[in-house]
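S.K.: Predicted model follows, preceded by the sequence.
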2 protein chains.
Amino acid sequence: MRPRGERKIVAMAAGAFDLLEAKTAVGVIRYGRDRVVAVVDHTAAGKTAAEVVGVGDGIPVVVDVAAALRCAPDANTLLLGTAPRGGALPESWRSQIITAMGAGLDVMSGLHYFLADDPQLGPAARSAGVEIWDVRRPPQTHRVADTRAQALPATVILTVGSDCNVGKMSTSLELEAEARRRGRKAAFVPTGQTGIIIAGWGVAIDEVISDFTAGAAEDLVMEAARDCAHPGDMIVVEGQGSLVHPGYSGVTLSLIHGSAPDALILCHQATRREIRRYSVPIPSLRHLIRLHEDITAPVKPARVLGVALNTFGLDGAAAEEAVDRAAQETGLPATDPVRFGVATLMDAVDRFIQDTPPKGAQ
Amino acid sequence: MRPRGERKIVAMAAGAFDLLEAKTAVGVIRYGRDRVVAVVDHTAAGKTAAEVVGVGDGIPVVVDVAAALRCAPDANTLLLGTAPRGGALPESWRSQIITAMGAGLDVMSGLHYFLADDPQLGPAARSAGVEIWDVRRPPQTHRVADTRAQALPATVILTVGSDCNVGKMSTSLELEAEARRRGRKAAFVPTGQTGIIIAGWGVAIDEVISDFTAGAAEDLVMEAARDCAHPGDMIVVEGQGSLVHPGYSGVTLSLIHGSAPDALILCHQATRREIRRYSVPIPSLRHLIRLHEDITAPVKPARVLGVALNTFGLDGAAAEEAVDRAAQETGLPATDPVRFGVATLMDAVDRFIQDTPPKGAQ
């Protein structure tokens, strides 16, 4: 695999290059250190990424991998950028992956299905002399969580959410960047495929056997704590799923109890009323805050410090109004991190760090 | 594997044949349809099972597998009855397993480590012509939960708990038996190794990849609903872990949201103050009830109907007092299912079923 920063990425998002489905591709375009040189989606071919998803000026969307290689001959990495539900490999992608490998591209995949284990793709990669990085492959070590992350010198912040795909990763990355701008030592802890691809390390926590999921979260925080080892340092853990998600709530709770945050940021998409793909209504922000604080309290108490509101689909005025409403409803600072920045959330974190006695001293 | 009912079991519990560590062996002795003919534990050799754990009159505890075969030459199945933390295979067991296989015994194992995949034990079983049943091996199919179990005609009851190993399986089995005695069609849904061995089917839910844990729970309930298909039928799901367990809470929540119970029975051990092996205090029963009802409410509301109190270690008077206190504190029926039976809990379930309109009609 080319080192991070030197990859020139063709992002595969066939038929699904939009903000809802192509979370990985969009995340890498927005936050990655590597350049995305083309996006593959036959349904949007001819446009630029920016025209389709609002980021990626000048990145062409093309019909297939062959076309991507024609318009970006220096491409060296193929990114499987969507994660279809269940994570299987769409059969139509197979020949395009082989084309890419034949042209010397490494492959980064966020699918549940591990390409390196595929009887055709594994050998094809070896004979082409390229690498497959299945970023969701779980760690070999299995550990039950042990409350080791509960008393670290650094402050641990976890993003939680009303649903999947509401902005937990973006909020985490924006907080990390803002903390650094303010001179704090800060680390981003990736727990999902996009975060892992962006940061170059981490564990797809939802791929871990459930007995060991909290343990894997704990290990990740302990790893980040090696660098962020002092009071005042900040570790931001990327949240997953939602406590009220019928399919993924267990992943969320493992992450909450395993990463042992000192404080939470609640993420929500302003226009979303139901869990996506389910007819389960999303509770109010106040209700969600209470639920999160109640479920952390018996193991390790964590307060919600602020609300990160994804205002996707709203115009500027409506977005501001939605943010104001969220702040009023909750009595907490609120913002859309992507649209309005995270200064107000980071202010809340700064105050929290200042007002909280060092954990060792407790 | 010999069919259920025809197994004559040597239960391995080396060094750990007690009520805390030998949950599987004790559960199979108490609830299994198969006869346990010997228990292996060199630290208790010479006693009977009943002398050590209070059940198993006349079952000898012996020093090793060879001794078990001498005193029970008709043994045909070896049960690895403890699940050491992390689930690895104690090296000292290896030669005893091979001795057992050499004598024609099948092996049922509840370990995380799959014996059939072991480079020595797998081939040894094949050459001895015996079978290995790794009961924790997760299903091949991976499904995200889909709220399919939310509107079944039958009433779904889930046992939940303040901690691991407080009586969720026993309570579930006692409820199933009592429902049948009262003429109800009832099914027990096994979600852990002991329940699986006793019932002959099920999934060790904590062994499933966390993204699919709720889905696996849902599948199990749907499977039980094929037999228990009518209003008035009862499906009792064996709970796992605890919402306030730092390591396993995610397993618990996946099971709660995936199995979509209509009502809960809260299980607790009367003398336990902290999560076992952690210095995490267990909240009060009232607090636990609120926590469980709050976390079910957004996805599918479920009320706690009663308290199953494990009074292990208390004398008769103290046990009765503890049960009374639990009933007073919660305002709910309480009992120790093993000591005093589950009639009072089943009364509550009967009332609930009677008072609840059929789910299809809602």
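M.R.: It's in.
S.K.: who in the stretch 201-350 of chain A is up against chain B?
M.R.: Contacts of the stretch 201-350 of chain A with chain B, taken as CB under 8 Å from any CB of the partner chain, map to A:205-211, A:213-215, A:243-258, A:278-283, A:287, A:290-291, A:294-295, A:298-299. For glycine as for every other residue, the C-beta is placed from the backbone atoms N, C-alpha and C.
S.K.: Show me just the buried residues among those.
M.R.: The neighbour-count test (16 or more other CB atoms under 10 Å in any protein chain shown) marks A:205-211, A:213-215, A:243-258, A:278, A:280, A:282-283, A:291, A:294-295, A:298-299 as buried among those.
S.K.: about what we covered before: out of the residues of the stretch 201-350 of chain A next to chain B, which are inside helices?
M.R.: Secondary structure from DSSP state H places A:213-215, A:249-258, A:287, A:290-291, A:294-295 of these in helices.
S.K.: which residues touch the one helix or strand in chain A whose mean pLDDT sits lowest?
M.R.: Using mean pLDDT, DSSP states H and E, the weakest-scoring helix or strand in chain A turns out to be helix A:23-31, at a mean of 88. Applying CB atoms under 8 Å, 6 or more residues apart in numbering or on different chains, the external contacts of helix A:23-31 come out as A:9, A:11-13, A:17, A:19, A:34, A:36, A:39, A:49, A:53, A:55-56, A:59, A:79-83, A:110, A:165, A:169-170, A:173, A:193-195, A:197-198.
S.K.: Recalculate using a threshold of 7 Å.
M.R.: By CB atoms under 7 Å, 6 or more residues apart in numbering or on different chains, the surrounding residues in contact with helix A:23-31 are A:9, A:11, A:13, A:17, A:19, A:36, A:39, A:49, A:53, A:55-56, A:59, A:79, A:81-83, A:110, A:165, A:169, A:173, A:193-194, A:197-198.
S.K.: Show me what counts as buried in that helix.
M.R.: For helix A:23-31, burial by neighbour count (16+ other CB under 10 Å) applies to A:Lys23, A:Thr24, A:Ala25, A:Val26, A:Gly27, A:Val28, A:Ile29, A:Arg30, A:Tyr31.
S.K.: so what's the residue nearest to A:Leu152 when sequence neighbours are not counted scoring on pLDDT?
M.R.: Computed as CB to CB, 6 or more residues apart in numbering or on different chains, the closest residue to A:Leu152 that is not its neighbour in sequence is A:Ala225, at 4.9 Å. A:Ala225 is assigned a pLDDT of 98 by the prediction.
S.K.: ok, A:Ala225 touching A:Thr155?
M.R.: No: A:Ala225 is not in contact with A:Thr155 according to CB atoms under 7 Å; the separation is 10.7 Å.
S.K.: ranges for the helices of chain A?
M.R.: Secondary structure of chain A by DSSP H: the helices cover A:23-31, A:49-53, A:65-71, A:91-102, A:121-128, A:168-181, A:193-199, A:213-227, A:249-259, A:285-296, A:316-330, A:337-340, A:343-355.
S.K.: and these, which is most packed in?
M.R.: helix A:249-259 (a mean of 32; mean count of other CB atoms under 10 Å in any protein chain shown).
S.K.: Now do that helix, average pLDDT.
M.R.: 98.
S.K.: next one: stretch A:292-302
M.R.: Throughout stretch A:292-302, pLDDT has a mean value of 98.
S.K.: what does it contact?
M.R.: For stretch A:292-302, the external contacting residues (CB under 7 Å, 6+ apart) are A:150, A:160, A:243, A:253, A:256-257, A:260-264, A:266, A:303-304, B:244, B:246, B:280, B:283, B:291, B:294-295.
S.K.: and it, C-alpha only, in PDB?
M.R.: Taking Å, rounded to 0.1, in the frame of the first residue of the first chain, the C-alpha atoms of stretch A:292-302 are listed here in PDB:
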ATOM      1  CA  HIS A 292     -27.000   8.800  27.000                       C
ATOM      2  CA  GLU A 293     -26.300  10.300  30.400                       C
ATOM      3  CA  ASP A 294     -28.400   7.600  32.100                       C
ATOM      4  CA  ILE A 295     -26.600   4.700  30.400                       C
ATOM      5  CA  THR A 296     -23.100   6.000  31.000                       C
ATOM      6  CA  ALA A 297     -23.800   6.900  34.700                       C
ATOM      7  CA  PRO A 298     -23.600   3.400  36.200                       C
ATOM      8  CA  VAL A 299     -20.300   2.500  34.500                       C
ATOM      9  CA  LYS A 300     -18.600   5.900  34.100                       C
ATOM     10  CA  PRO A 301     -20.600   9.100  34.100                       C
ATOM     11  CA  ALA A 302     -20.300  11.300  31.000                       C
END
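S.K.: Now find how far off-centre it is within its chain.
M.R.: Here stretch A:292-302 is found 23 Å from its chain centre; the criterion is CA atoms, centre = their mean, to the nearest Å.
S.K.: got any ranges where the stretch 51-200 of chain A has weak pLDDT?
M.R.: Residue ranges of the stretch 51-200 of chain A with pLDDT under 70: A:82-88.
S.K.: swap the cut-off to 90 and go again
M.R.: Within the stretch 51-200 of chain A, the segments meeting pLDDT under 90 span A:52-54, A:81-93, A:110-113, A:140-142, A:200.
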